[in-house]
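> Just to be clear, the model below is a prediction. Sequence and coordinates:
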Amino acid sequence: MSPWWWLLLGIGVAVVAVALYDVTQRRHAILRTYPVVGHLRFILEAFGPELRQYIVTNNDDERPFSRDQRRWIYTSAKGLDNTFGFGTDNRLDSVSDYLIIRHAAFPEPPLPGEPRDADAAFAVPAVKVLGAAHGRRHAWRPASIVNISAMSYGSLSGAAIRSLNLGAAAAGCLQTTGEGGLSDHHRHGGELVFQIGTGYFGCRDDRGGFSLDALLASIEGAPVRAVEIKLSQGAKPGLGGLLPGAKVSPEIARVRGIPVGVDCKSPNRHSAFDDVDGLVEFVETIAAATGLPVGIKSAVGEQEFWSALAARMVATGGGPDFVTVDGGEGGTGAAPLVFGDHVALPFLRAFPRVYRAFAEEGLHEGVVFIGSGRLGLADRGLTAMAMGCDLVNVGREAMLAIGCIQSQRCHTDRCPTGVARRSLRGPNGPRRGHG
């Protein structure tokens with residue numbers, strides 16, 4: 001053969017070798033989904049700072065997570081160098097609400113049991129015991145102050161839910177199931193918070209109402225440590241959940257108890273209760289049957305609800321063991337633009353109002369407060385803790401850690417990395433797996 005044929009043969013062998021490596025490695029979701037050509041992303045990314053500096057945007061222009069923030073998440077998740085060089089490129093003097101952390105001249109030494117090496121990884125347990133204030137049978141202290149927020153199987157793929165659960169097991173943190181029910185993908189060692197939404201998926205009767213027996217059956221044998229009643233979330237407050245029919249596969253339909261391929265719309269309110277007294281009674285019913293701590297999750301709008309809830313908790317001695325406050329900047333797979341952009345208070349305005357309502361009734365020392373809404377970034381998480389949060393939940397940051405590239409196609413079932421796709425079969429045929 002001529003030298004050209006040998007050259008082409010060598011190139012072909014090299015391409016096949018790279019493709020085989022890409023589809024078998026488990027470090028980069030992009031390469032598993034798009035072998036060979038996926039390397040172009042990393043090549044372009046390597047020149048990203050130069051391209052943005054002279055042609056496109058700077059490191060802090062992109063939303064909802066900037067290039068700098070995504071780089072920090074990616075490198076931290078992979079255990080790589082997550083430091084930045086040459087100082088900040090933020091405009092510190094031109095933003096009125098820019099966070100400044102006041103450091104101490106003489107930092108506190110490590111507490112007993114904490115590693116003295118600043119780079120050593122260790123879990124920080126919660127200060128409060130979850131469920132202790134109301135004497136729940138299975139009250140316990142969460143082992144990690146950072147946990148995985150509610151993301152349903154259906155909005156995320158089975159592989160993504162499984163990856164998050166394996167990560168929760170490795171990190172010793174909690175994973176909230178989301179309102180889509182408890183699937184087999186949630187059972188890989190990570191401890192769970194079972195979320196009950198307005199559609200009662202995983203705990204519903206034949207007519208779509210709440211069933212305590214169905215709830216007990218769903219959590220039996222699963223490592224469920226708490227139950228969360230979802231009133232609303234920051235990305236679509238007061239609207240109810242929406243899972244497009246394109247993402248309702250037979251398996252998802254089985255887990256949720258709904259028809260295949262039909263839009264799955266949760267009501268905007270619960271049918272099991274319709275006022276504060278009913279909510280408190282609902283919480284106590286579930287807690288009595290399961291022995292687990294039971295809490296609520298909500299975005300923040302009207303203040304009257306929180307004041308009324310705190311007052312009734314004092315009067316009855318019952319009510320939620322924990323309160324998850326989701327800011328209006330929270331994420332979701334699908335929501336109308338006006339809800340995502342304009343309904344519900346952002347976290348920094350929402351949380352103080354909730355905390356104050358409980359503090360005025362003397363409940364703030366017993367209730368566990370959880371913050372949610374882009375709090376996985378260190379500066380925002382620290383701010384949440386300073387405001388009174390005992391725990392923070394992270395959602396999109398966890399998605400980025402398992403391969404999300406912020407393509408914002410979550411609602412289309414065409415997620416390029418498979419994180420928010422219902423299966424590994426795309427519109428053009430079978431897709432390869434993703435890590």
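Everything's here; your move. Numbering: from 1, shown residues only.
> List the contacts of residue 76.
Residues near residue 76 by C-beta atoms under 8 Å, 6 or more residues apart in numbering: 82, 401. All C-beta spots, glycine's among them, are computed from the backbone N, C-alpha and C.
> What is the burial count for residue 222?
Per other C-beta atoms under 10 Å, the neighbour tally for residue 222 reads 14.
> Equivalent analysis for residue 341, please.
11.
> Verify the assumption that it is located in a strand.
No. Checked against DSSP: H, G, I helix; E, B strand; the rest coil, residue 341 lies outside a strand; its state is helix.
> quick one: it from residue 417, how far?
Distance of residue 341 to residue 417, computed by C-beta to C-beta, to the nearest Å: 25 Å.
> could you say which helix or strand contains residue 73?
Residue 73 belongs to helix 67-77 when assigned by DSSP states H and E.
> right, I mislabeled it, should have said residue 312
Using DSSP H and E, residue 312 falls within helix 304-316.
> Okay, buried residues for that helix please.
Residues 305, 306, 307, 308, 309, 310, 312, 313 are the ones in helix 304-316 that count as buried (16 or more other C-beta atoms under 10 Å).
> Please apply the same query to stretch 148-162.
Using 16+ other C-beta under 10 Å as the test for burial, stretch 148-162 gives 148-162.
> returning to that earlier point: can you name the next helix or strand after the helix holding residue 312?
In N-to-C order, the element after helix 304-316 by DSSP H and E is strand 322-326.
> Could you list the residues in contact with the helix or strand that contains residue 251?
Using DSSP H and E, residue 251 sits in helix 250-256. Contacts to helix 250-256, defined as C-beta under 8 Å, 6+ apart, come from residues 153-154, 158, 180-183, 199, 201-202, 243, 248, 259-260, 264, 422.
> quick revisit: got CSV for the buried residues of helix 304-316, with pLDDT too?
As requested, the buried residues of helix 304-316 are exported to CSV (pLDDT from 0 to 100):
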residue, pLDDT
305, 96
306, 97
307, 97
308, 97
309, 98
310, 98
312, 97
313, 98
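> Paired strands for the helix or strand in which residue 392 is found, with orientation please.
Residue 392 is part of strand 391-394 when elements are defined by DSSP H and E. Using DSSP bridges, the strands paired with strand 391-394 in its sheet are strand 146-148 (parallel), strand 368-372 (parallel).
> if you compare these, which one is most tucked away?
Comparing the strands paired with strand 391-394 on average neighbours per residue, with mean count of other C-beta atoms under 10 Å, the densest one is strand 368-372 at a mean of 27.
> For that one, output the C-alpha coordinates as CSV.
Presented in CSV, the C-alpha positions along strand 368-372 are these (Å, rounded to 0.1, in the frame of the first residue of the first chain):
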residue,chain,number,x,y,z
VAL,A,368,-34.4,23.1,61.6
PHE,A,369,-34.1,25.7,58.8
ILE,A,370,-32.9,24.6,55.4
GLY,A,371,-32.0,27.0,52.6
SER,A,372,-32.2,26.3,48.9
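> what is the orientation angle of the helix or strand that that strand is followed by with strand 368-372?
Toward the C-terminus, strand 368-372 is succeeded by helix 378-387 as the next helix or strand (DSSP H and E). Orientation check (axes from the mean of the first three to the mean of the last three C-alpha atoms, to 10 degrees): helix 378-387 against strand 368-372 gives 150 degrees.
> Now helix 378-387: buried residues?
Quick answer for helix 378-387 (16+ other C-beta under 10 Å): 380, 381, 383, 384, 385.
> where do the helices sit along the stretch 101-250 of the chain?
158-171, 212-219, 250-256 (DSSP state H, counting those that start in this stretch).
> Can you tell me which of these is most buried?
It is helix 158-171: most buried of the helices of the stretch 101-250 of the chain by mean count of other C-beta under 10 Å, with a mean of 21.
> Alpha carbons of that one, as PDB, please.
C-alpha atoms of helix 158-171 as PDB (Å, rounded to 0.1, in the frame of the first residue of the first chain):
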ATOM      1  CA  GLY A 158     -32.300   7.400  35.900                       C
ATOM      2  CA  ALA A 159     -28.500   7.500  35.500                       C
ATOM      3  CA  ALA A 160     -28.400  11.000  37.000                       C
ATOM      4  CA  ILE A 161     -30.500  10.000  40.000                       C
ATOM      5  CA  ARG A 162     -28.400   7.000  40.500                       C
ATOM      6  CA  SER A 163     -25.200   9.100  40.300                       C
ATOM      7  CA  LEU A 164     -26.500  11.600  42.800                       C
ATOM      8  CA  ASN A 165     -27.500   8.800  45.200                       C
ATOM      9  CA  LEU A 166     -24.100   7.200  44.900                       C
ATOM     10  CA  GLY A 167     -22.600  10.600  45.600                       C
ATOM     11  CA  ALA A 168     -24.800  11.100  48.600                       C
ATOM     12  CA  ALA A 169     -23.600   7.700  50.000                       C
ATOM     13  CA  ALA A 170     -20.000   8.600  49.400                       C
ATOM     14  CA  ALA A 171     -20.400  12.100  51.000                       C
END
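> rewinding a little: using TSV, lay out the buried residues of helix 304-316 together with distance to residue 6.
Listed next are the buried residues of helix 304-316 as TSV, based on distance: C-beta to C-beta, whole Å:
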residue	distance to residue 6
305	75
306	75
307	80
308	80
309	76
310	79
312	82
313	79
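> Looking at these, spot the one nearest residue 370.
Comparing those against residue 370 with C-beta to C-beta places residue 306 closest, at 14.8 Å.
> residues contacting that closest one?
Neighbouring residues of residue 306 by C-beta under 8 Å, 6+ apart: 300, 353, 354, 357, 358.
> Which ones among those residues map onto helices?
353, 354, 357, 358 (DSSP state H).
> distance of the third one from residue 156?
In this case it means residue 357. In terms of C-beta to C-beta, residue 357 sits 33 Å off from residue 156.
> And for residue 378?
On the measure of C-beta to C-beta, residue 378 and residue 156 end up 24 Å apart.
> ditto for residue 384
24 Å.
> Residue 87 now?
For residue 87, the distance to residue 156 - C-beta to C-beta - is 37 Å.
> hang on, the earlier thing: averaged pLDDT, the helix holding residue 251. What do you get?
For helix 250-256, mean pLDDT rounds to 85.
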